[in-house]
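**Student:** no FASTA, just this:
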């Protein structure tokens, strides 16, 4: 163990030296260039850049137009989106609740992870899982969205398994959240909505950024974002974005390291055609501990009080977590006739992940809760995906009716391999180990067999055909959408336990199914004076469960859902603001939950309902002052459960009844005594929640975030383009929790994070 820790510490020292050296050299070189820079590029505004810190200097020059939803959006307020209708459409006229988190908002709030990115969006809750395995899980309108079935990138699904992917927010220009079932445009998906990540793309206007960041928990991070035309080739533009982080986390023996780089190039041979090729490589290093903590000792004190907040529920000389992602794709837009556009997008990706993991063993945990029983195992995974979407957008008129149509075909091909190895003697011999949570001693003896005990091969192909027509007549907006999907999936599971008879757990099972699914949406809106549009809609969704299996190896049934939604949107004429109010009712069938008796597998709950009310507003109320607010009231309950009727009437897990969020940001006028300063603060309240069995009471909480930045050019004009910022999330280090995988267990939320950033842009 001593040698292991020495090796890790030596590696981190070398990595930190490289980080500081590279970033410092870039900053010094950039600041030197600033001294020779005669003036700022044309079109630059007081919008923060696509960088990592706050600023009063930025990159409106990267925005082809201030409301270009496929490139960038200046300010906090977005009025157009491609995600809700698959065209460049007005959010006001989209018959769904659309929330957009712009690059400026991400930068001002100092967002470093996707959980914080969506934290101010009503009815979107990320399950904070510090130190845990894999990527984030979301709850949208009360429904759990695991395995990235709610996350898209540039209109194509981001991933299919939580253990094989993660998200780096610095890679994206904006984040669009579409609420409610949207299978009619995207195929398989859960009914709470989708989160669409819009990648940074090359600009023909030069812009460059480097930053160096440091913070608590030994955090050092450096990054760059460089874009502009290719010299000597005016038809081409490039962009390369990169980030390196070396950091500890709030959990002992658990790093939070990552490396990310995304090069891209755009070819624009004429005004009608644009082809962008995007690539990405990312590596995430974390811990392999599940970090499930008993609720007694976390929320409720045990006989010895509360656990240490940085307690590590694993083995320091055993636990490892590594994710590696590689992808390449393209986005093609071609106008082939007035009012008609061909859009083609493609992405291929490959992921690998390796976890020397430790999970919780709820049934074996002592009732005193002074110790926790844990279960070590090895898990190796890999996956490959091919995704494509090709559609045509067109506008035309028939008599007095204006049509905006979209029709196309998309395709997904996904393959995943999952192998797990359990300790010698499992399951006849106890594989559980105990860790004293008040005085942990990490000396567990762990021995594994040479052969894999469980392996699975999962493959899924999905092809969808869709058509949509939005018709406008005398203020009425009628939207009709229809889609059909054809899905084939096959799961082969092999169980190999040498100490058990062949008839029990030494076997291979094959589960194969093919089906088609029809999805549709119908909506009616009406444009009233003063920028007011009331609307009503009915939509459906489905979601095949490829990423999880029942304990017997069989596939989970597809989930189906319907939603009724009504609301009103208001965009006051002449203002930079958008307000939305909506009411919805969703019913979903075949919802999977973790199988307590068989960790790593799932059971289905039957049917559940979610209904609620949302309010959201984003506005630039006056020069330099931005304000966002959100409120959501949510009621969820299980309506059917053939496997466990006692669950009928229960609330859904991690679905708070009420959430409230407020954030305000102000850039002081340059002529004022505080000119050059920009300050922001926000609060986000999340109400009481419960677990799947409605046994645990997870208390409500309120977190405070704050930010401040200063334009260093106010001190010396030679420092033009340099900005120093400080951000804090959970400023008062409020302790809060999320419901865990099992009844009686929780995950602790993110603790206070404070970091300073020195950014230079030219």
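**Tutor:** Cool, the structure landed. These numbers come from a predicted model, not from an experiment. Numbers count the residues shown, from 1 in each chain.
**Student:** Every contact and neighbour count from this point should use C-alpha atoms.
**Tutor:** Noted.
**Student:** any idea how far residue 79 is from residue 675?
**Tutor:** 29 Å (Cα to Cα, to the nearest Å).
**Student:** Give me the more crowded residue out of the two.
**Tutor:** residue 79 (21 against 15; other Cα atoms under 10 Å).
**Student:** where does the residue most central in space within the chain fall, phi/psi-wise?
**Tutor:** Nearest to the mean C-alpha position of the chain, by Cα atoms, centre = their mean, lies residue 114 at 4.5 Å. Main-chain torsions, residue 114, degrees, to the nearest 10: phi -70, psi -30.
**Student:** which ones are touching it?
**Tutor:** By Cα atoms under 8 Å, 6 or more residues apart in numbering, residue 114 lies in contact with 136, 167-169.
**Student:** and the longest strand seen in the chain, which residues are buried?
**Tutor:** Looking across the chain with DSSP state E, the single longest strand is strand 371-398. The neighbour-count check on strand 371-398 (16 or more other Cα atoms under 10 Å) flags 371-395 as buried.
**Student:** Now the buried members of the contacts of residue 114.
**Tutor:** Using 16+ other Cα under 10 Å, the buried ones in the contacts of residue 114 are 136, 167, 169.
**Student:** just checking, the first one touches residue 125?
**Tutor:** No. Taking contacts as Cα atoms under 8 Å, residue 136 lies outside contact range of residue 125: 10.3 Å.
**Student:** Now do the shared contacts for the two.
**Tutor:** Here residue 136 and residue 125 have residue 115 as joint contacts, going by Cα under 8 Å, 6+ apart.
**Student:** pLDDT (mean, whole number) over stretch 698-717?
**Tutor:** Per-residue pLDDT over stretch 698-717 has a mean of 96.
**Student:** If you count neighbours, what's buried in that stretch?
**Tutor:** 698, 700, 702-712, 714.
**Student:** In strands, which of these appear?
**Tutor:** Per DSSP E, the buried residues of stretch 698-717 map to strands at 698, 702-711.
**Student:** Dump these into CSV; add distance to residue 118 as well.
**Tutor:** Shown next, in CSV, are those (distance: Cα to Cα, whole Å):
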residue, distance to residue 118
698, 21
702, 15
703, 14
704, 15
705, 14
706, 16
707, 17
708, 20
709, 22
710, 26
711, 27
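**Student:** closest to residue 614 among those?
**Tutor:** residue 702 (18.6 Å; Cα to Cα).
**Student:** dump the residue contacts of the closest one.
**Tutor:** Residue 702 touches 683-686, 734, counting by Cα under 8 Å, 6+ apart.
**Student:** what does residue 469 give?
**Tutor:** 403-406, 479-481.
**Student:** Would you mind measuring from residue 232 to residue 486?
**Tutor:** Distance from residue 232 to residue 486, by Cα to Cα: 47 Å.
**Student:** which one of the two has more residues nearby?
**Tutor:** Taking neighbours as other Cα under 10 Å, residue 232 and residue 486 compare with residue 486 leading, 16 against 7.
**Student:** thought that one was touching residue 516?
**Tutor:** Yes. Using Cα under 8 Å, residue 486 makes contact with residue 516 at a distance of 4.4 Å.
**Student:** Who does the helix or strand encompassing residue 578 pair with, and is each partner parallel or antiparallel?
**Tutor:** Assessed by DSSP states H and E, residue 578 sits inside strand 577-589. Sheet pairing of strand 577-589 (DSSP bridges) gives strand 555-570 (antiparallel), strand 607-622 (antiparallel).
**Student:** re the thing from before, which among the contacts of residue 469 gets closest to residue 222?
**Tutor:** residue 406 (41.6 Å).
**Student:** who touches the closest one in this structure?
**Tutor:** 86-87, 391-394, 467-469.
**Student:** Could you do residue 528 as well?
**Tutor:** residue 475.
**Student:** Can you give me the neighbour number for residue 662?
**Tutor:** 18.
**Student:** Now name the helix or strand holding it.
**Tutor:** strand 658-667.
**Student:** Give the rounded mean pLDDT of that strand.
**Tutor:** pLDDT averaged over strand 658-667 gives 98.
**Student:** residues in contact with it?
**Tutor:** 56, 108, 120-123, 624-634, 675-688.
**Student:** show me the contacts for residue 615.
**Tutor:** Under the criterion of Cα under 8 Å, 6+ apart, the neighbours of residue 615 are 122, 579-582, 630-632.
**Student:** ok, 10 Å please
**Tutor:** Residues in contact with residue 615 (Cα atoms under 10 Å, 6 or more residues apart in numbering) are 97, 121-123, 567-569, 579-583, 629-633, 660.
**Student:** Show me the two of the contacts of residue 406 that sit farthest apart.
**Tutor:** 391 and 469 (13.1 Å).
**Student:** Name the residues contacting each of those two.
**Tutor:** In contact with both residue 391 and residue 469: 406-407, using Cα under 10 Å, 6+ apart.
**Student:** re the thing from before, among the contacts of residue 469, which are in helices?
**Tutor:** Assignment to helices by DSSP state H places none of the contacts of residue 469 there.
**Student:** What is the nearest of these to residue 363?
**Tutor:** Distance to residue 363, by Cα to Cα, is smallest for residue 481 among the contacts of residue 469, at 48.5 Å.
**Student:** residues of the strand holding residue 662 that come out buried?
**Tutor:** So, applying 16+ other Cα under 10 Å, buried residues of strand 658-667: 658-667.
**Student:** Now tabulate those residues in CSV and tack on distance to residue 211.
**Tutor:** Below are the buried residues of strand 658-667 laid out as CSV (distance: Cα to Cα, whole Å):
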residue, distance to residue 211
658, 38
659, 34
660, 33
661, 29
662, 28
663, 25
664, 25
665, 22
666, 22
667, 21
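**Student:** what is residue 464 paired to in the beta sheet?
**Tutor:** Per DSSP bridges, the residues bridged to residue 464 are residue 410, residue 485.
**Student:** what's the neighbour count on it?
**Tutor:** Count around residue 464 with other Cα under 10 Å applied: 24.
**Student:** quick one: it and residue 411, what's the gap?
**Tutor:** From residue 464 to residue 411 the distance is 6 Å (Cα to Cα).
**Student:** Need the residues touching each of these two.
**Tutor:** Common neighbours of residue 464 and residue 411 (criterion: Cα under 10 Å, 6+ apart): 186-187, 389, 485-486.
**Student:** Out of these, which comes closest to residue 263?
**Tutor:** residue 389 (21.6 Å).
**Student:** residues contacting that closest one?
**Tutor:** Taking Cα under 10 Å, 6+ apart, one finds 155-156, 186, 331, 343-347, 408-412, 463-464 in contact with residue 389.
**Student:** make it 7 Å
**Tutor:** The contact partners of residue 389, by Cα atoms under 7 Å, 6 or more residues apart in numbering, come to 344-346, 409-411.
**Student:** and the closest residue to residue 270 other than its chain neighbours, how many neighbours?
**Tutor:** Once flanking residues are discounted, residue 270 sits nearest to residue 235: 8.0 Å by Cα to Cα, 6 or more residues apart in numbering. Residue 235 has 15 neighbouring residues, counting by other Cα under 10 Å.
**Student:** and what of residue 558?
**Tutor:** So residue 558, with other Cα under 10 Å, has 17 neighbours.
**Student:** same thing with the one 3 residues further on?
**Tutor:** Per other Cα under 10 Å, the neighbour tally for residue 561 reads 25.
**Student:** do you know how far it is from residue 380?
**Tutor:** 33 Å.
**Student:** Spell out the residue ranges of the helices in the stretch 101-250 of the chain.
**Tutor:** Along the stretch 101-250 of the chain, the segments classed as helices by DSSP state H, counting those that start in this stretch run 103-108, 114-117, 183-186.
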